[in-house]
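Engineer: Generate coordinates for the sequence data below:
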Amino acid sequence: MTQEIFLDQNQTDQIKQFQKNEITEYYIYSRLSRKIKNKKNAEILQKIGDDEMRHYLFWKKRSSADVRPNKWKIFKFYWIAQIFGITFGIKLMEKGEEGAQDAYKDFCEYIPEAQQIVDDENAHEKKLIGMLEEKKLEYVGSIVLGLNDALVELTGTLAGLTFALQNTRLIAIAGLITGIAASFSMAASEYLSTKTEGNGSKALASSFYTGLAYIFTVIILILPYFLFTNYFVCLGMTMTFAVLVILFFNYYISVAKDLNFKKRFWEMFVISMGVAAFTFGIGYLIRIFIGIDI
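Structural biologist: Next up, the predicted model:
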């Protein structure tokens, strides 16, 4: 015989919030499952969506009320997943629900059956999310190689050229030529390296992602030198853009691959800024000793 449970208004309101979260995530997973082409991923997403609906119905029995989903959240995470990949979008959403998991655990004291939902969220759904297949994440190593090399090499190159030339147009042209040449060189090296390792089928794609990441970083870092005339302002903006690229990319990877964000960010930051500072000093010394005056 099931013991009747009496809940106060605050507890009932909390349950309705649980319902809102569950029904919202049901619509997100279901909508994504209908839109993606990968059949296996679609089945996984629909399975998670069905779990969310089951959780919603569990809480509905306790509140005796229907709750509408959060339409803004559905819109936001659907498009985040479409633009940045389903793995990133879903894991970002799940990170935002960590507080809800703690609240679920608190409710297990009043509703012991809620433990099943906690177990679903902590194990079953994480296992399903880990089974998702996404090409973007298969080539993360290639993207990291392109981004990291571009950040280290080009921030250093631009810092050195800034003090050596002190002419934004010349710095931009020299940096652009260097960056484009280096991007093709990196892409070719990645192609040969991947092929040598016996991954011939992935060699072309790996080189493409490496070169694309390199070119993307080059454009962002050089852009200030085409827009402004004060070379110190340009250098400052380039360094700021470099930090933002490091920040965004490492946040993306830390969420999508469940890695330590702070460790990865500071490692890339120290290397990139350290090389930039070193070559800035070299450019200064070259200008003094060689006597370049443009």
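
Engineer: and residue 144, how far is that from residue 192?
Structural biologist: Residue 144 sits at a distance of 18 Å from residue 192 (criterion: CB to CB, to the nearest Å). Where you see a C-beta, it was placed from the backbone N, CA and C, and this is true even at glycine.

Engineer: Can you pick out the residue with more neighbours from these two?
Structural biologist: Between residue 144 and residue 192, counted using other CB atoms under 10 Å, residue 144 has the larger neighbour count: 18 against 12.

Engineer: quick one: which helix or strand includes that one?
Structural biologist: helix 140-165 (DSSP states H and E).

Engineer: Check residue 29 too.
Structural biologist: Here residue 29 is covered by helix 9-35, with elements defined by DSSP H and E.

Engineer: quick one, the next helix or strand after that helix and helix 9-35 angle?
Structural biologist: Beyond helix 9-35 in the direction of the C-terminus, DSSP H and E gives the next helix or strand as helix 39-63. Taking axes from the mean of the first three to the mean of the last three CA atoms, to 10 degrees, helix 39-63 and helix 9-35 form an angle of 160 degrees between their directions.

Engineer: buried residues in helix 39-63?
Structural biologist: Residues of helix 39-63 classed as buried: 41, 44-45, 47-49, 51-53, 55-56, 58-60, 62-63 (neighbour count, 16 or more other CB atoms under 10 Å).

Engineer: How about stretch 78-86?
Structural biologist: Taking 16+ other CB under 10 Å as the basis for neighbour counts, the residues of stretch 78-86 that come out buried are 78, 80, 81, 85, 86.

Engineer: can you list contacts of that stretch?
Structural biologist: Residues external to stretch 78-86 that are found in contact with it (CB atoms under 8 Å, 6 or more residues apart in numbering): 28, 31-32, 35-36, 41, 45, 88-90, 92, 132, 134, 136-137, 252, 256.

Engineer: at 10 Å what do you get?
Structural biologist: In this structure, residues lying in contact with stretch 78-86 by CB atoms under 10 Å, 6 or more residues apart in numbering are 27-29, 31-33, 35-36, 38, 41, 44-45, 87-93, 129, 132-137, 252, 255-256.

Engineer: just the buried members of those?
Structural biologist: 27-29, 31-33, 36, 41, 44-45, 87-93, 129, 132, 134, 137, 252, 255-256.

Engineer: In PDB, list the C-alpha atoms belonging to stretch 170-184.
Structural biologist: Output for stretch 170-184, consisting of C-alpha atoms alone and laid out as PDB, is shown next (Å, rounded to 0.1, in the frame of the first residue of the first chain):
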ATOM      1  CA  LEU A 170      53.000  46.500 -44.000                       C
ATOM      2  CA  ILE A 171      52.500  44.500 -40.800                       C
ATOM      3  CA  ALA A 172      49.100  43.300 -42.100                       C
ATOM      4  CA  ILE A 173      50.400  42.300 -45.500                       C
ATOM      5  CA  ALA A 174      53.500  40.600 -44.100                       C
ATOM      6  CA  GLY A 175      51.400  38.800 -41.500                       C
ATOM      7  CA  LEU A 176      48.700  37.700 -44.000                       C
ATOM      8  CA  ILE A 177      51.300  36.300 -46.400                       C
ATOM      9  CA  THR A 178      53.000  34.500 -43.500                       C
ATOM     10  CA  GLY A 179      49.700  33.200 -42.200                       C
ATOM     11  CA  ILE A 180      48.400  31.900 -45.500                       C
ATOM     12  CA  ALA A 181      51.700  30.200 -46.300                       C
ATOM     13  CA  ALA A 182      51.800  28.700 -42.800                       C
ATOM     14  CA  SER A 183      48.200  27.400 -43.000                       C
ATOM     15  CA  PHE A 184      49.000  25.500 -46.200                       C
END
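
Engineer: contact partners of that stretch?
Structural biologist: Outside of stretch 170-184, the residues that reach it under the criterion CB under 10 Å, 6+ apart are 146, 149-150, 153-154, 157-165, 167, 207, 210-219, 221-227, 231, 234-235, 238, 294.

Engineer: Buried among those residues? Need that as a selection in ChimeraX.
Structural biologist: In ChimeraX, the members of these classed as buried (16+ other CB under 10 Å) are selected with the following command:
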select :146,149,150,153,154,157,158,159,160,161,162,163,164,165,167,207,210,211,212,213,214,215,216,217,218,221,222,224,225,231,234,235,238
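
Engineer: sorry, back to before: averaged pLDDT, the helix holding residue 144. What do you get?
Structural biologist: Mean per-residue pLDDT for helix 140-165: 78.
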